[in-house]
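Asker: Sequence plus the predicted model coming up.
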Amino acid sequence: MSRLIGPAELDLLAAGARLLATGASESSSALVRDWAASVIGAGVELVAAGELDPGTWCAAVTLVGSTTALSEQLPRGDEPARAVRALEGRLGRRAGAVVALNLAAENALMPLVAAAALDVPVVDGDGTGRVFPLVEQSTYTLGGVSAVPLAIAGASGELAVLETAPDRVEELLRPVVLAMGGWGVAACYPMEAGELARVLVPGTVSRLLEAGEKGAPREVAAPFGVRTLCRGRILAVEGSSGHGGELAMPSLPSSIVVQELEGLRRLVRLEAHNEIVLALADGAVVARAPDQICMIACGDGLVVDVDKAEPGLEVEVMTVTAAPVWHTEAGLALGGLRAFGIRL
C-alpha cells in the first residue's frame, strides 16, 4: 500500500539514510533535507514498483559529484526537475515515477525533491541495496538496464545529456560534473515500472523510515544483514600506489590499520579505494566487496569517511551484506574486488 512521506517522515528518512552512508557531510545533508522540506508540502507518495502500471515510465534521480561542492555552491532548486525533463525530452515520454539510484544520505532525499516538482510518486526501493561509487555500479545495470541516456543539471543553469556505451558513463560524466562546479543532479536509467520491479532492491526506503526512529537498531537499515567485525582504535592511515583496476575510481587508494580493543586484539587492515573494499584481520580476509565495509565512530555513531580517518579514533568496523545479485558472477565483476583494482 502507498504512503505519504511528509515532514515527519522526511526527518525519519534523513536520519535513517545517514546510518550507513559514507561520503556524506553534515552541512550538505542538512541542506538537502531543508531543500526537500521546502518542496514536499503535505507529502510525496511512496509506492511499490508493483503498484504502478507496468508501462509507467520511471527514471532514477541521484546527486553526482562532491557533497562538499554542494555545500559551497548552493542549488537553484530546479536541478532534479530540469534533469528529468531533459531526459523526457530526449525520449519523448513523461515520467510517471522516480526512484533512487542509492539511498546514502543526500541521495535518499533527492528523489523526493524531483517527485514534488514533477507531481509523481517515489518508488520504494533503490538500485544498489548499499552504496557504490560509480553510477554504473547498480542492480539496474546487472538487470540489463542502461544508465544512458543520462541527463545532468548543474547549479548555474547547465544542462547536458550524455549518450555513450554503458561502460563509459563514468569516464564522460566525471569531467562534466567538474565543469559544473563539482556537483549536479542526474536523471538516468530510464525504464518502465514492470522492468524496474524486476531489477531494483525493493522496500529499502521503507526500511530507512523505520531505521530513522530514535533508538531503532542500525541493522534495520540493512536489508540483508549487518555484522560487526571488531571494535578498535585506528593506529595508522597510509597511502597506497594502487593496483590499476578495470574501473577508474575517482580517488586514490589508502590503507587504515585498526588495533582491536577486545577479544583476540587483532590488527585489522582496511584497504580503501573510494570506500573500504577489503578487511584483513592478522592477514586473513574477514570481509570484502561487494559487501559494504564501514567504520562507525564510537562517539557519535556516524560513519567515518575514509578521508577523515585519523590515528587515535575509536571505531566499530561493520559489514553490510550486499543483495544476493551482487554475489553472482556478474555482480562480483561489477562490484567485487577486481572492480576496485584488487586481486587476491
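Answerer: Here it is on my side, so go on. Keep in mind it's a predicted model, so treat the numbers as computed, not measured.
Asker: any weak-confidence spans in the protein?
Answerer: Where the chain drops to pLDDT under 70, the residues are 1, 23-24, 240-252.
Asker: same thing but at 80, please
Answerer: Residue ranges of the chain with pLDDT under 80: 1-2, 22-26, 215, 239-252, 274, 344.
Asker: how far away is the most far-flung residue of it relative to its centre from residue 315?
Answerer: For the chain, the largest distance from the centre (C-alpha atoms, centre = their mean) belongs to residue 264, which lies 33.4 Å off. As judged by C-beta to C-beta, to the nearest Å, residue 264 and residue 315 stand 17 Å apart. Glycine gets a C-beta too; all of them are placed from N, C-alpha and C.
Asker: what do you get for residue 203?
Answerer: Following C-beta to C-beta, the distance that separates residue 203 from residue 315 is 29 Å.
Asker: likewise residue 64?
Answerer: For residue 64 relative to residue 315 (C-beta to C-beta), the value is 28 Å.
Asker: cool, and residue 322?
Answerer: Residue 322 is 21 Å from residue 315, by C-beta to C-beta.
Asker: what do you get for residue 236?
Answerer: For residue 236, the distance to residue 315 - C-beta to C-beta - is 13 Å.
Asker: between these two, which one's more packed in?
Answerer: When residue 236 and residue 315 are compared on other C-beta atoms under 10 Å, the one with more neighbours turns out to be residue 315, at 24 against 13.
Asker: Just the element for the more buried one, please.
Answerer: According to DSSP states H and E, residue 315 maps onto strand 314-320.
Asker: now swap in residue 171 and tell me
Answerer: helix 169-179.
Asker: For that helix, could you pull out the residues that count as buried?
Answerer: By neighbour count on 16 or more other C-beta atoms under 10 Å, the buried set for helix 169-179 is 169-170, 173-174, 176-177.
Asker: From those, pick the one nearest residue 230.
Answerer: Of all those, residue 170 has the smallest distance to residue 230: 32.5 Å, by C-beta to C-beta.
Asker: Please report how far the residue lying closest to that closest one once chain neighbours are set aside lies from residue 326.
Answerer: Nearest residue to residue 170 in three dimensions, chain neighbours excluded: residue 134, at 4.9 Å (C-beta to C-beta, 6 or more residues apart in numbering). As for residue 134, its distance to residue 326 is 14 Å (criterion: C-beta to C-beta).
Asker: Which one of those two is surrounded by more residues?
Answerer: residue 326 (26 against 21).
Asker: And that one, how far from residue 206?
Answerer: Taken as C-beta to C-beta, the span from residue 326 to residue 206 is 21 Å.
Asker: Residue 148 too?
Answerer: Residue 148 is 29 Å from residue 206, by C-beta to C-beta.
Asker: Please say which of the two ends up with more neighbours.
Answerer: When neighbours are counted by other C-beta under 10 Å, residue 148 and residue 206 differ, and residue 148 comes out ahead with 22 against 16.
Asker: list the contacts for the closest residue to the more buried one other than its chain neighbours?
Answerer: Spatial nearest neighbour of residue 148, chain neighbours left out: residue 163 (5.4 Å); criterion: C-beta to C-beta, 6+ apart. By C-beta atoms under 8 Å, 6 or more residues apart in numbering, residue 163 lies in contact with 148-150.
Asker: closest to residue 16 among the residues you listed?
Answerer: Checking these against residue 16 by C-beta to C-beta gives residue 150 as the nearest, at 27.1 Å.
Asker: Could you tell me how many residues sit around that closest one?
Answerer: Using other C-beta under 10 Å, residue 150 has 29 other residues around it.
Asker: Am I right that it is in contact with residue 185?
Answerer: No - contact criterion C-beta atoms under 8 Å: residue 150 and residue 185 do not qualify, at 11.1 Å.
Asker: ok, back up a step: and the strand holding residue 315, what other elements does it pack with?
Answerer: strand 226-239, strand 284-297 (3 or more C-beta pairs under 8 Å, 6 or more residues apart in numbering; DSSP states H and E).
Asker: coming back round to it: list the residues that contact both of residue 150 and residue 185?
Answerer: With C-beta under 8 Å, 6+ apart, residue 150 and residue 185 have no common neighbours.
Asker: Break this protein down into its domains, please.
Answerer: 3-214, 226-340 (automatic domain parsing).
Asker: start to end distance for the last one?
Answerer: Spelled out, it's domain 226-340. Domain 226-340 stretches 22 Å from its first residue to its last (C-alpha to C-alpha, to the nearest Å).
Asker: Can you report phi and psi for the closest residue to residue 76 other than its chain neighbours?
Answerer: In this structure, residue 76 finds its nearest non-sequential neighbour in residue 155, 5.8 Å apart by C-beta to C-beta, 6+ apart. For residue 155, the backbone dihedrals (degrees, to the nearest 10) come out as phi -70, psi -20.
Asker: need the contact list for residue 155.
Answerer: 73-76, 79, 180-181, 183-184.
Asker: rerun at 10 Å
Answerer: Residues near residue 155 by C-beta atoms under 10 Å, 6 or more residues apart in numbering: 69-70, 72-79, 180-185.
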